[in-house]
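[1] Dropping the sequence and predicted coords here.
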Amino acid sequence: MTLAAPDQHAEAEARLRAEIAGCTRLLNMEGLMGYSGHVSARLPGDRLLIQDFDQSRAALAPGDLLVCDLNGRLVAGATHLRPVAEVHIHSEIYKARPDVNAVAHFHHDLTTTFTLVEGLSLVPVKNHAVRWRSGIPLHADPSHVDTPELGRGLAATLGPHHALLIRAHGQVVVAEDVRSLFVDCIHLVENAVSLYQAAALGRVLPLTEREMDDFLRAFKRDKHVAKLWTYYVGRGREAGLLPEAWDRHL
């Protein structure tokens, strides 16, 4: 007797749910995501996974996540729940960027300060910030992105880049998968903190094109992501934030 093959789509969704919940809890643990902010992942069939409006970022579980279409409408999940108000950040980016499979929006205060001053942009000063070599655009409208129209405007500001800053509001980071997204969020904030500290000391020396070329020649993104994900998941387990039941998906 031949056993039926497991439902690959169901298993892939289960993994994404655990990764989103784990990523959210870890970003909260690291102080990047507080009472607000959200992580999503693309699903097949023009859908996405995202948390509901009221769920604590410190306690998000895989089963709490909702399935929405790319118009931001709930299509699966508890009917009494509602997606986060800024679901259109995610849905409109997925429409505009087929290369993006994971999106994070958060409100790291020090990083946001780079939207509040003249003459000092957030540029790469640490080696892993070469991810943003093409630039980190500034979205000038500080409003909550709670309509499709505002979401389309933000996606247009993002363009082909991998992150943007929203003036007086927060950050958006995009990546090819959830694990890479988490690592990029860590590095975006690390770079902002380093640049802030360097600017307090004197004239900032951003990475040069040659320095970035040299770094990228030896850099293996997949190995780096795996290394950092393993490290932070381990910290999360030691802190009691990531249940053992999630282990096979993390």
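    Structure's in. What do you need?

[2] For the rest of this, base every contact and every neighbour count on C-alpha atoms.
    Fine.

[3] Spatially nearest residue to the residue most central in space within the chain (excluding sequence neighbours)?
    Nearest residue to the geometric centre of the chain (C-alpha atoms, centre = their mean): residue 104, 2.7 Å. Leaving out its chain neighbours, the residue that sits closest to residue 104 by C-alpha to C-alpha, 6 or more residues apart in numbering is residue 39, at 4.4 Å.

[4] Just the pLDDT for the one you found.
    Residue 39 carries a pLDDT value of 98.

[5] Could you count how many residues lie near it?
    28 (other C-alpha atoms under 10 Å).

[6] sec struct for it, please.
    strand (DSSP: H, G, I helix; E, B strand; the rest coil).

[7] Could you list which residues are in contact with it?
    20, 23, 24, 50, 51, 102, 103, 104, 105 (C-alpha atoms under 8 Å, 6 or more residues apart in numbering).

[8] What of residue 150?
    Contacts of residue 150 by C-alpha under 8 Å, 6+ apart are residue 88.

[9] now it: how far from residue 142?
    Applying C-alpha to C-alpha, to the nearest Å, the value for residue 150 to residue 142 is 11 Å.

[10] same check, this time on residue 42
    25 Å.

[11] So between these two, which is more surrounded?
    residue 42 (27 against 13).

[12] Just the pLDDT for the more buried one.
    97.

[13] try residue 9
    Value for residue 9, per-residue pLDDT: 83.

[14] And for it, the neighbour number?
    The burial count for residue 9: 11, using other C-alpha under 10 Å.

[15] check contacts around residue 75.
    66, 67, 68, 69.

[16] nope, residue 122 is what I was after
    114, 136, 192, 195.

[17] Now intersect those residues with the helices, please.
    192, 195 (DSSP state H).

[18] So, low pLDDT: which residues of the protein?
    Along the chain, segments meeting pLDDT under 70 span 1-6, 77-79.

[19] go with 90
    1-10, 53-55, 75-83, 119-120, 244, 247 (pLDDT under 90).

[20] for the helix or strand where the residue nearest to the centre of the chain lies, packing partners?
    Assigned by DSSP states H and E, residue 104 belongs to strand 102-106. On a contact count with 3 or more C-alpha pairs under 8 Å, 6 or more residues apart in numbering; DSSP states H and E, strand 102-106 meets strand 38-43, strand 170-175, helix 178-201.

[21] That one vs strand 38-43, what angle?
    Here strand 102-106 runs at an angle of 170 degrees relative to strand 38-43 (axes from the mean of the first three to the mean of the last three C-alpha atoms, to 10 degrees).

[22] Report the strands that pair with strand 102-106, each with its relative direction.
    Sheet pairing of strand 102-106 (DSSP bridges) gives strand 38-43 (antiparallel), strand 170-175 (antiparallel).

[23] Give me the contacts around that strand.
    Under C-alpha under 8 Å, 6+ apart, the answer for strand 102-106 is 32-33, 36-42, 90, 170-178, 181, 185.

[24] nearest residue to residue 25 other than its sequence neighbours?
    residue 58 (5.1 Å).

[25] ok, now how distant is the one you found from residue 21?
    From residue 58 to residue 21 the distance is 9 Å (C-alpha to C-alpha).
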